[in-house]
Structures are given as C-alpha cells and as structure tokens.
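Asks: attaching a predicted model along with its sequence, questions to come.
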Amino acid sequence: MAYKVLVVNGSPKANGCTATALDEVVRTLHEEGVETELLHIGKENIRGCLACGYCHTHDECVVKDKVNEAAKLFEEADGLLVGSPVYYASPNATLIAFLDRLFYSTGFSKQMKVGAAVVNCRRGGNTASFDMLNKYFTISGMPVVSSTYWNQTHGFTPEDVKKDLEGLQTMRNLGRNMAFLIKAIAAEKAKSGLPAEEHDSFTSFPDGK
C-alpha cells in the first residue's frame, strides 16, 4: 500500500533553516516507505481569506493560487507536514494565510489524516509558533504527530541547524512516528472504518442567552 505526505515549506527561503529541518523528516519518511510531495509557498503572493463564501458553493477558493493546487494534493494525502520559520514568535504570515484558506475552502474530510508542524528559530518563539500551527490539525479531526521533544530546531543558518543534533534527532523521531501513525490508521480504517463523527450541533448564542 502506498502512503503519502504533503510537505509545505512556509519559509521564503527554499533551502534555509526550515528546509533543513523538513529534509530530516522527509528522509526518515522515505526510509519508512512513505512518499512525500513538497510545496514551497513561502515566496508566493498569497493573500488572506476574503470571507466571500465562494468556496461554499464551488468547493475551491475564489483566489486562484497555490491554495487550490495544494487542496487536491492534501485530499489525496495521508498526512500533512508543515514547516515555518519563527517571525515575532509566530509562523510566517504567508503560511498562515495559506493554511487559513486551505483548511476553510476545502470540503473534504480531514478526519484521521495525520498532521505535524515543524518550526525553526534562532533563539525564542518556537513553542508559540508550534502551538499556533497545531490548531489547524486539532480543529479538523487530524491526529497530531509528536516526537521526543517539541518539533523544533534552532539556528540562524542551515549550517547552524545541522549542528543542532538534538533538533535533528527530534526530526527523525517525528518522521518515524508519523510513518507509524499513518500505517496504523490505514490498517484500522481498512478493518473497521473511521470513527463516527457528529455535526448536528452548532452553538453560536445568536440570541445572547
């Protein structure tokens, strides 16, 4: 059985610190028999959501850019691996705009697709950025892949990241855990199907009570 992970590099630098961390995960996934497809969106001109509602009737975003391309790949994938540099204790704004629209505009079920976020910074802000990215997974029924430390590396240059031996170790353990979880979910899905989901209740308190 073929397994596949969509990898999204949110850094403007295609071969920078974030790519160095992601590469370590990708190599491990390949060793574990999981295919990957990479999208580098950090230098794309990606705007935020227009709140126009077009996606509700057309099942795609009204803005024709990398988001709609990624949607098709995401639907076919077993997992999503997202990487970002840390800017002011937050992920890259381009990546946030991309993920907002990717998750909101796609109507297909993301239940039990596994999700993992990887972040890199020089010194601080990693955990805040990591937490922010994980929220896309936890609102979508996607199991979040953990490692032996938070999924982060440190460095100002790719050469610095390569010296972060614990960070790279964390990336490799993340890759192994991601591959294991994908395979385990696929096996149980083939045996028993996916867990039941309820969607009938929508509480917004419009009457103020």
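Replies: Received it, and whenever you're ready, just let me know what you need. Numbering: from 1, shown residues only.

Asks: remind me which residues of the chain are low pLDDT?
Replies: For the chain, the stretches flagged by pLDDT under 70 are 208-209.

Asks: in contact with the spatially most central residue of it, which residues?
Replies: Geometric centre of the chain, nearest residue: residue 82, 3.4 Å, by Cα atoms, centre = their mean. By Cβ atoms under 8 Å, 6 or more residues apart in numbering, the residues touching residue 82 are 7, 8, 10, 95, 99, 115, 116, 117, 118, 133, 136. C-beta here means a position set from N, CA and C on the backbone, and glycine is covered the same way.

Asks: what does residue 124 give?
Replies: Contacts of residue 124 by Cβ under 8 Å, 6+ apart are 86, 89.

Asks: next: residue 103.
Replies: Neighbour list for residue 103: 110, 136, 139, 140 [criterion: Cβ under 8 Å, 6+ apart].

Asks: after the one helix or strand it maps to, next one along is what?
Replies: In this structure, residue 103 sits in helix 93-105 according to DSSP states H and E. Sequence-wise, the next helix or strand downstream of helix 93-105 (DSSP H and E) is strand 114-121.

Asks: for that next one, packing partners?
Replies: helix 17-31, strand 79-87, helix 126-138, strand 152-154, helix 165-192 (3 or more Cβ pairs under 8 Å, 6 or more residues apart in numbering; DSSP states H and E).
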